[in-house]
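> okay, sequence plus prediction incoming.
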Amino acid sequence: MKLSVEFLGLYGAADVTARRQVEWPPHPDRLYQALVDAALPEDRPALAWIEQQAPPDVDCGSAVALQWGLDGCTFVPTNYPVKTLSDALPEFRIKQARQFPMAVPDGHVSYVWHIEPPPPVFDSLSRTVARVTHLGRSDSLAMLVLEPGVAPCRWTAQDKGSIAMRVPRQGRLQQLDMAFANGQRSPMAPQVRYGNAESQTFTTGPWADMVVMRLTKPIAVEHVALATDALRRAVLSKLGDTAPLLAHGHSPELHMAWLGLPNLSDYGDGTLLGLAMAIPKDCDPMERARCVAAMLTVDHIMLAGIRFKLTRPTAAMSLHERTWSRPASRWVSATPVVLDRFPKGKVTAEDIVALGCERAGYPRPVSVILSQESAVAMPPARMFRLRKPVGLHAHVELVFERPVKGPLLVGKERYFGLGLFLPQDARTPSA
């Protein structure tokens, strides 16, 4: 049985062990409490079936954390009972510190039980799932879907897993009912260790995640370097004179990369569907939050005097982070790679690309194939416009000894949309 949660905007829920941090992924017990809250009296017995099962597997993408206020803390009026007339106005009430950790989810979250419930239980759970309106805080609107079957998941219960998640155990429903009847907070559910099912099978790159925006009017993919430069300038204008090094990149340290995401569907016409910001790992969390907040407020870019609007991404394959970041051994360039230097002597173009992979934070590939033609129906490399006209560039196919997690960005112009790779088997008719 598989239960999928799609957030209709931001996700907000505090980690019970660190109130200023967002809980990601949402723990199975948080989902269970949402089901208990939504269940009708005749459907509540079906919730006992969930308590008796092994903890579900959890699948999700990444989430970009956001924080309101200074250091994640803001002051808000209390909701205490009104004692005087002035108490009725929020501006006269006492203000107390509160945390509202939130995140921008990348796609839906799935919970998978490796057993199918009896038909009456499944029907009862389906009715309950359809009544759930949010997961986490009341402003975390969500749409839930229950379906039979199983699917591979990112997180599975493991004795030595890297994270702990709260899960419902037998008697949890009764425990929640008692707490509610007594006007108390629900007691904490037992925790189970979860490990990344893929963590032992691939090599990670230098990037943590991506923030994606959709273009309402497509741009020719050949102009990706100009479009990403325009996006960078738009974000910097939002950040102002105090823009962090992470954004403007005037530093030898790793900084944001600006990406153009081409249409990968079978009906793709060589245009960009969206633009994205790739966030490096281990960056300063406050700088990261500022950059993400600025990115999310950008509603257009200017390119050649034309205004191109930006909005939230759709479910298109090209706009999904996991399309570009899932582990793979074979990668093909969606936009051509600009070589770090020209071949000379015994140093071939293939050698320069292989060294460029290492310089960009990835392992050295075991195979490098250069071509002017694209393996994923993108325009030939010679058609792409560079920010600086001098540079040898070509489409590339890479093979690594073991899977590498993307996004995979290689070459001299990797911070401006060129040298963006795609897993070789990612382009499917369902894009």
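Everything's here; your move.

> which residues does the residue nearest to Gly411 when sequence neighbours are not counted contact?
What sits nearest to Gly411 in space, not counting adjacent residues and going by CB to CB, 6 or more residues apart in numbering, is Gly419, at 3.5 Å. (Each C-beta comes from the backbone N, C-alpha and C, glycine too.) Going by CB atoms under 8 Å, 6 or more residues apart in numbering, Gly419 touches Ser333, Thr335, Pro336, Val337, Val338, Leu409, Val410, Gly411, Lys412, Glu413.

> can you read off the pLDDT for the fifth one?
Spelled out, that is Val338. For Val338, the pLDDT comes out at 95.

> count of residues packed around it?
Neighbours of Val338 under the rule other CB atoms under 10 Å: 25.

> was I right about it contacting Leu386?
Yes. Assessed by CB atoms under 8 Å, Val338 is found in contact with Leu386 at 6.6 Å.

> what's the overlap in contacts for the two?
Here Val338 and Leu386 have His393, Glu413, Leu418 as joint contacts, going by CB under 8 Å, 6+ apart.

> for Met143, pull up the helix or strand it's in.
For Met143, the host element (DSSP states H and E) is strand 142-147.

> give the buried residues for that strand.
Neighbour-count burial for strand 142-147 flags Ala142, Met143, Leu144, Leu146 (criterion: 16 or more other CB atoms under 10 Å).

> hmm, back to that, roughly how far apart are the residue nearest to Gly411 and Gly9?
According to CB to CB, to the nearest Å, Gly419 and Gly9 sit 33 Å apart.

> domains in this protein, by residue range?
Here the domain parsing of the chain from automatic domain parsing is 2-196, 204-423.

> contacting residues around His387?
Just to correct that, residue 387 is Arg rather than His. Arg387 makes contact with Ala225, Leu226, Asp229, Glu413, Phe416 under the criterion CB under 8 Å, 6+ apart.

> of all these, which two lie farthest apart?
The distance between the two most remote of those (CB to CB) is 11.4 Å, for Leu226 and Glu413.

> the two: which has the busier surroundings?
Just comparing Leu226 and Glu413: by other CB under 10 Å the higher neighbour count belongs to Glu413, 26 against 20.

> check contacts around the more buried one.
Ala225, Val338, Leu386, Arg387, Gly391, His393, Gly419.

> also Pro118?
Trp49 are the contacts of Pro118 under CB under 8 Å, 6+ apart.

> the residue lying closest to Ile352 once chain neighbours are set aside: neighbouring residues, count only.
Excluding its sequence neighbours, the residue lying closest to Ile352 (CB to CB, 6+ apart) is Leu339, at 5.0 Å. Leu339: 23 surrounding residues under other CB under 10 Å.

> from what I see, Leu339 and Glu350 are in contact.
No. Counting by CB under 8 Å, Leu339 sits too far from Glu350 to count as a contact (10.1 Å).

> who's Leu422 bridged to?
Beta-bridge partners for Leu422, by DSSP bridges, are Val332.

> look up how far Trp324 lies from it.
Taken as CB to CB, the span from Leu422 to Trp324 is 7 Å.

> what does Ala375 give?
In terms of CB to CB, Ala375 sits 15 Å off from Trp324.

> between those two, which one's more packed in?
For Ala375 versus Trp324, the count of surrounding residues by other CB under 10 Å is larger for Trp324: 27 against 18.

> which SS class is that one?
Assigned by DSSP: H, G, I helix; E, B strand; the rest coil, the conformation of Trp324 is helix.

> so it is in contact with Gly406, correct?
Yes. Contact criterion CB under 8 Å: Trp324 and Gly406 qualify, at 5.3 Å.

> among the contacts of Glu413, which are in helices?
In helices, judged by DSSP state H, the following of the contacts of Glu413 are found: Ala225.

> can you name the two of the contacts of Glu413 that are farthest apart?
Spatial extent of these (CB to CB) is set by the pair Arg387 and Gly419 at 12.7 Å.

> ok, back up a step: which among the contacts of Arg387 gets closest to Trp258?
For the contacts of Arg387, the nearest to Trp258 is Phe416 (5.8 Å; CB to CB).

> the closest one contacts Ala230, correct?
No. Counting by CB under 8 Å, Phe416 stays clear of Ala230, with 10.2 Å between them.

> which stretches of the protein have low pLDDT?
For the chain, the stretches flagged by pLDDT under 70 are 19, 67-93, 97, 99, 198-200, 251, 266-268, 426-431.

> let me see the ranges of the helices in it.
Under DSSP H, the chain gives helices at 28-38, 44-51, 119-131, 172-181, 224-239, 245-248, 285-297, 321-325, 349-359.

> figure out which of those helices is closest to Lys160.
helix 28-38 (19.0 Å).

> sort out which residues of the closest one are buried, please.
For helix 28-38, by 16+ other CB under 10 Å, it's Pro28, Asp29, Arg30, Leu31, Tyr32, Gln33, Ala34, Leu35, Val36, Ala38.

> what of stretch 342-358?
For stretch 342-358, the neighbour count (16+ other CB under 10 Å) marks Ala349, Ile352, Val353, Ala354, Gly356, Cys357 as buried.

> contacting residues around that stretch?
Contacts of stretch 342-358 (CB under 8 Å, 6+ apart): 337, 339-341, 363-365, 368-370, 392, 394, 396, 398, 410-412.

> select only the buried ones of those residues in ChimeraX?
Entered in ChimeraX, the line below selects the buried ones among those, by 16+ other CB under 10 Å:
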select :337,339,340,365,368,370,392,394,396,398,410,411,412
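
> so which of the contacts of stretch 342-358 are in strands?
Applying DSSP state E to the contacts of stretch 342-358, the entries found in strands are Val337, Val368, Ile369, Leu370, Ala394, Val396, Leu398.

> report the two of those separated the most.
It's Ala394 and Leu398 that sit farthest apart of the ones in strands among the contacts of stretch 342-358, by CB to CB, at 12.3 Å.

> if you skip the residues just before and after it, what's nearest to Ala63?
Nearest non-adjacent residue to Ala63, counting by CB to CB, 6+ apart: Ala103, 3.8 Å away.

> ugh, wrong one, I meant Gln158
Per CB to CB, 6+ apart, closest to Gln158 is Gly195, 3.5 Å.

> pairing partners for that neighbour in the sheet, please.
Beta-bridge partners recorded for Gly195 (DSSP bridges): Thr156.

> my read: it touches Arg154, true?
No. Using CB under 8 Å, Gly195 makes no contact with Arg154, being 9.8 Å away.

> the more surrounded of those two?
Remark: of Gly195 and Arg154, Arg154 carries more neighbours, 21 against 17, as counted by other CB under 10 Å.

> spit out the contact partners of Arg127.
Leu40, Asp43.

> quick one: contacts for Lys309?
Taking CB under 8 Å, 6+ apart, we find Lys309 in contact with Leu215, Thr216, Lys217, Asp299, His300.
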